[in-house]
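> sequence first, predicted coordinates after that:
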Amino acid sequence: MSLTAKKVSESVTIMTELVLPNHTNQLGKLLGGQLMHWIDICAAMSAGRHNRRVCVTASVDRIDFHNPISLGDPVTLIASVNRVFNTSMEIGVTVFSENYVEGKRIHTNSAYLTFVCVDKVGKPVKAIEAIPETEDEKRRFDEALQRRETRLKNRNR
């Protein structure tokens, strides 16, 4: 069955990881590279879920680290398709850390990644359109086009 469109909500992927000693630097804080790895995996699952096929990373926008994540903290990543273009799509990932002792959940990161939908031999193919329904999904859909235009301008420099 070939789908031409799916709701954004169908792409939502939630992933939780526990920060272990091998994930940390000398200060007991989560390594940035480890977090980027988890962000890429969560985004890839969201893109794949939406398109029902393998999707590969084409680019990662700037990632800012707003708050450190400590050893022992659970980290929750929430990814969804923001907008589909042709073979590519923007995936948004929001990251939260949690401190059980203090009972706090903190937004630590947001990231935007571009993925390309590919066939079995890795050739780009048309992606399934994303239909935003909520006001937040519609806002992210509109903002994704602006970010894409900026990416394309920067790429052509």
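Cool, the structure landed. Numbering: from 1, shown residues only.
> surely residue 11 meets residue 45?
No. At 9.2 Å, residue 11 and residue 45 do not qualify as touching, with contact defined as CB atoms under 8 Å. To be clear about C-beta, it is placed using only N, CA and C from the backbone, and glycine gets the same treatment.
> joint contacts of the two?
The contact sets of residue 11 and residue 45 overlap at residue 79 (CB atoms under 8 Å, 6 or more residues apart in numbering).
> neighbour-wise, which of these two wins?
Between residue 11 and residue 45, counting by other CB atoms under 10 Å, residue 11 is the more crowded of the two (23 against 18).
> who's in contact with that one?
Residues counted as contacts of residue 11 (CB under 8 Å, 6+ apart) are 46, 47, 49, 50, 79, 80, 81, 91, 130.
> let's see it at 7 Å
For residue 11, the set of contacting residues under the criterion of CB atoms under 7 Å, 6 or more residues apart in numbering consists of 46, 49, 50, 80, 81.
> count of neighbours near residue 73?
The number of residues packed near residue 73 is 23, by other CB under 10 Å.
> isn't it up against residue 19?
Yes. In this structure residue 73 lies within contact range of residue 19 using CB atoms under 7 Å: 5.0 Å.
> surely residue 77 forms part of a strand?
Yes. Per DSSP: H, G, I helix; E, B strand; the rest coil, residue 77 lies within a strand segment.
> what separates the closest residue to residue 140 other than its chain neighbours from residue 98, distance-wise?
The shortest distance from residue 140 to any non-neighbouring residue, by CB to CB, 6 or more residues apart in numbering, is to residue 82 (4.5 Å). According to CB to CB, to the nearest Å, residue 82 stands 25 Å off from residue 98.
> now for the longest strand along the chain, which elements pack on it?
Of all the segments of type strand in the chain, defined by DSSP state E, the longest one is strand 104-117. Judged by 3 or more CB pairs under 7 Å, 6 or more residues apart in numbering; DSSP states H and E, strand 104-117 is in contact with helix 32-51, strand 55-60, strand 88-99.
> TSV for those, including distance to residue 111 and mean pLDDT?
Conversion of the helices and strands packed on strand 104-117 to TSV gives the following (distance: least, CB to CB, whole Å; pLDDT from 0 to 100):
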stretch	distance to residue 111	mean pLDDT
helix 32-51	5	98
strand 55-60	7	96
strand 88-99	5	96
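> can you put the ones you listed in JSON lines and add distance to residue 147?
As requested, those are exported to JSON lines (distance: least, CB to CB, whole Å):
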{"stretch": "helix 32-51", "distance to residue 147": "14"}
{"stretch": "strand 55-60", "distance to residue 147": "11"}
{"stretch": "strand 88-99", "distance to residue 147": "7"}
